[in-house]
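Colleague: Prediction below, plus the sequence it came from.
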Amino acid sequence: GAFLAGDAALKQGAFETALRYLNVSIEALGENPFQKDEELSIPLFCGALEAAFTLSIDEKVDSYLKIVLSQLQIPLVTRSRAALIQIKTFATRHNFDNCNAYICELFKELGAAKVSPKAGLSSAVFELKRTYRMVSKYT
């Protein structure tokens, strides 16, 4: 019900409506949502994260990022999508040092490329996007 409505609203660009419905679904799952229903929780939290980021609701973005990025069992490409939002969040908050450090750590986790922490931010973002496209082809 609410998840499908939220997902449909998200796909149509109705981010406020999407976030409202997705939050209803999140609340319905209660505590430990990934343990209760991982298959539903992954797209639910990722959708809520994307909607909250688009609407610039920082406290929701931070909360959803923490939840999604802590789920090591979710597919790498899904965690990478959340990681891109984390990077965009750092950038919109002008927190470029943490942004670059986060990108370097992400590459280390992916094992796909090595980027020096001294590399320019634009080079690191370019390499991350290239890696994301490569990973998403094979997952």
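Modeller: Structure's in. What do you need?
Colleague: Contacts for stretch 92-99, please.
Modeller: With contacts defined as CB atoms under 8 Å, 6 or more residues apart in numbering, stretch 92-99 is touched by 56, 87, 90-91, 121. Where C-beta positions appear, they are placed from N, C-alpha and C, glycine not excepted.
Colleague: now the residues you listed: which count as buried?
Modeller: The neighbour count (16 or more other CB atoms under 10 Å) marks 87, 90 as buried among the contacts of stretch 92-99.
Colleague: Among the contacts of stretch 92-99, which has the minimum pLDDT value?
Modeller: The member of the contacts of stretch 92-99 with the lowest pLDDT is L121, at 60.
Colleague: what secondary structure does E31 sit in?
Modeller: coil (DSSP: H, G, I helix; E, B strand; the rest coil).
Colleague: Now it. Its backbone dihedrals?
Modeller: phi -70, psi 150 (degrees, to the nearest 10).
Colleague: Helices of the chain, residue ranges please.
Modeller: Here the chain has its helices, by DSSP state H, at 2-11, 15-29, 33-36, 38-54, 58-69, 76-92, 96-110, 121-137.
Colleague: export the second one as CSV, just CAs?
Modeller: In CSV, the C-alpha atoms belonging to helix 15-29 read as follows (Å, rounded to 0.1, in the frame of the first residue of the first chain):
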residue,chain,number,x,y,z
PHE,A,15,9.2,13.9,-3.5
GLU,A,16,7.1,15.3,-0.6
THR,A,17,4.3,12.8,-1.3
ALA,A,18,6.9,10.0,-1.8
LEU,A,19,8.6,10.8,1.5
ARG,A,20,5.3,10.9,3.4
TYR,A,21,4.2,7.5,2.1
LEU,A,22,7.7,5.9,2.5
ASN,A,23,7.8,7.2,6.1
VAL,A,24,4.5,5.5,6.8
SER,A,25,6.0,2.2,5.6
ILE,A,26,9.2,2.8,7.6
GLU,A,27,7.1,3.4,10.8
ALA,A,28,5.0,0.3,10.1
LEU,A,29,8.2,-1.9,10.0
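Colleague: what pLDDT, on average, does that helix get?
Modeller: pLDDT averaged over helix 15-29 gives 95.
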